[in-house]
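K.L.:
For reference, the sequence and a predicted model appear below.
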Amino acid sequence: MPSEKAFLDIISGRRPDWPAAAARGALALLEPVYAAGAALKNLSFDVGIKRPQDVGVPVVSVGNLTTGGTGKTPVVAAVVQKLLQRGMKPAIASRGYRSVDAAGNDEKRVLDLLCPGVPHIQNRDRIAAARELVAHGAEIIVLDDGFQHRRLKRDLDIVLIDATNPWGYGRQLPRGLLRESRHALKRARLILVTRTDLVSSSERERLLDEIARDSSAPVVTSRFVPHGLRDRSGLIHSSDDLKGRQVVAFCGIGNPTGFRATLERAGLLLHSHAVTAFADHHHYTRDDLEALIAEAQASDAAAAVCTLKDLVKLPPIDAPIPILALEITLEIIDGSTAWERAIAGYGIPRAP
């Protein structure tokens, strides 16, 4: 099986050789089959053949059109923190894709750190998860990666679009990364464009124009900013501690390019000017860590740095250098009023 990077090199067109071209052709033949299936599922809900299930409390969904890499986890944390500030009792429901063990997958482990004490159930049946959370006192459900999960009725659909690759190479799965057509944006109640600081002003304006063709929802632009460096004991250090120093960087996330840009913004110098990228949701082994530590020692790096999603699932190891995670927070650039109103408008208990 080809690696995730090899697959992306093929569908993005970065590989111009004839085997890659042949693979793109084969994937293009499968694309209409996938697109038809997605369209039929949506049609069944649009015309009322299937009906979303109401779990009795408001539901806020955070999702996207493409597979992975838009920054859902820090956005879910931001939504939950807003609801907590308003005195609500939120809870999180998610699928639990590629869970490490009973403690849940990397996203749940990160959200447990960022939203301590907030209940979070992972279940392929998100309706069952939401009902269990409500039974235990949740006043509002935040549905992680829920835009395509239309079985669960929601009050607010927040759709994330990554400015650096907004349309997943312009094709639906498996030829591209779109889970469904861009026209699905008509279901969104709020659109959050992430990483807008990583594209030019002309690219940003063009993207906003493209969004407007498919949606009349308010559009909020944002970026992820470095917040600090978390060590394996949970202690948070200032990113200034490593500013101007060389580090070995690695990650197993959907958008390693975005991670690299955030590291550079924090002033860290990347060994070989690169990030060692593993597959999204990669389960690390001791061999992986030993190789990274050896690389760091050989290059006289001050630390090995990864994302929080990586740090929470690293196996125990005695490392001669620090292994740190760069924490990020969501920062709204334009549209803060729409963002605040969206959370305030739907983050209230329903009348009995």
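P.N.:
Alright, I've got the coordinates.
K.L.:
Skipping its backbone neighbours, what lies nearest Leu27 in space?
P.N.:
In space, and not counting its chain neighbours, Leu27 is closest to Arg175: 4.3 Å by Cβ to Cβ, 6 or more residues apart in numbering. (C-beta placed from N, C-alpha, C; glycine too.)
K.L.:
Quick check: that neighbour touching Gly25?
P.N.:
No - using Cβ atoms under 8 Å, Arg175 makes no contact with Gly25, being 9.3 Å away.
K.L.:
what about these two, which has more around it?
P.N.:
Neighbours per residue, other Cβ atoms under 10 Å: of Arg175 and Gly25, the larger number sits with Arg175, 24 against 10.
K.L.:
Dihedrals phi and psi, the more buried one?
P.N.:
Phi and psi for Arg175, reported as degrees, to the nearest 10, are phi -70, psi -30.
K.L.:
Who are the contact partners of it?
P.N.:
11, 24, 27-28, 30-31, 169 (Cβ atoms under 8 Å, 6 or more residues apart in numbering).
K.L.:
Reformat these as TSV; add neighbour count and secondary structure.
P.N.:
Output for the contacts of Arg175, formatted as TSV (neighbours: other Cβ atoms under 10 Å; DSSP: H, G, I helix; E, B strand; the rest coil):
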residue	neighbour count	secondary structure
Ile11	22	helix
Arg24	17	helix
Leu27	18	helix
Ala28	14	helix
Leu30	13	helix
Glu31	16	helix
Tyr169	15	helix
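K.L.:
which one among those residues gets closest to Asp125?
P.N.:
Here the nearest of the contacts of Arg175 to Asp125, counting by Cβ to Cβ, is Leu30; it sits at 27.6 Å.
K.L.:
Locate Lys108 within the secondary structure: which element?
P.N.:
helix 106-114 (DSSP states H and E).
K.L.:
Counting neighbours, which bits of stretch 225-238 end up buried?
P.N.:
Residues 226-230 are the ones in stretch 225-238 that count as buried (16 or more other Cβ atoms under 10 Å).
K.L.:
mind listing which of the residues you listed are in strands?
P.N.:
If you go by DSSP state E, the buried residues of stretch 225-238 have 226-230 in strands.
K.L.:
ok so, going back, ok, the residue nearest to Leu27 to His136 distance?
P.N.:
Using Cβ to Cβ, to the nearest Å, Arg175 is found at 43 Å from His136.
K.L.:
Same check on Arg109?
P.N.:
Distance from Arg109 to His136, by Cβ to Cβ: 20 Å.
K.L.:
burial of Ala294, as a residue count?
P.N.:
Neighbours of Ala294 under the rule other Cβ under 10 Å: 11.
K.L.:
per-residue pLDDT, it?
P.N.:
pLDDT recorded at Ala294 is 94.
K.L.:
How about Gly56?
P.N.:
Gly56 is given a pLDDT of 96.
K.L.:
How about residues contacting stretch 223-232?
P.N.:
Stretch 223-232 is contacted from outside by 71, 74, 194-198, 236-239, 241-242, 258, 262, 265-266, 305, 308, 311, 314, 322-331, 333, using Cβ under 8 Å, 6+ apart.
K.L.:
and if we set it to 6 Å?
P.N.:
Contacts to stretch 223-232, defined as Cβ atoms under 6 Å, 6 or more residues apart in numbering, come from residues 197, 236-237, 239, 266, 324-329, 331.
K.L.:
and if you look at stretch 202-220?
P.N.:
163, 166, 182-183, 185-186, 188-192, 196, 335, 338-339.
K.L.:
The helix or strand in which Glu327 is found pairs with which strands?
P.N.:
Counting by DSSP H and E, the element that carries Glu327 is strand 323-334. Next to strand 323-334 in the sheet, as set by DSSP bridges, lie strand 219-230 (antiparallel), strand 303-307 (parallel).
K.L.:
Direction-wise, compare the next helix or strand after that strand with strand 323-334 and give the angle.
P.N.:
Once the chain leaves strand 323-334, the next helix or strand it forms, by DSSP H and E, is helix 336-346. Counting by axes from the mean of the first three to the mean of the last three Cα atoms, to 10 degrees, helix 336-346 lies at 100 degrees to strand 323-334.
K.L.:
Enumerate the positions of helix 336-346 that are buried.
P.N.:
Neighbour counts using 16+ other Cβ under 10 Å place 338-339, 342-343, 346 of helix 336-346 among the buried residues.
K.L.:
quick revisit: can you check the pLDDT for the residue nearest to Leu27?
P.N.:
At Arg175, the model reports a pLDDT of 97.
K.L.:
got a list of contacts for the helix holding Lys108?
P.N.:
73, 77, 120, 122, 308-309, 312-313.
K.L.:
Tabulate those in CSV, adding columns for secondary structure and distance to Phe45.
P.N.:
As requested, these are exported to CSV (DSSP: H, G, I helix; E, B strand; the rest coil; distance: Cβ to Cβ, whole Å):
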residue, secondary structure, distance to Phe45
Thr73, helix, 26
Ala77, helix, 29
His120, strand, 26
Gln122, strand, 24
Leu308, helix, 34
Lys309, helix, 31
Val312, coil, 35
Lys313, coil, 35
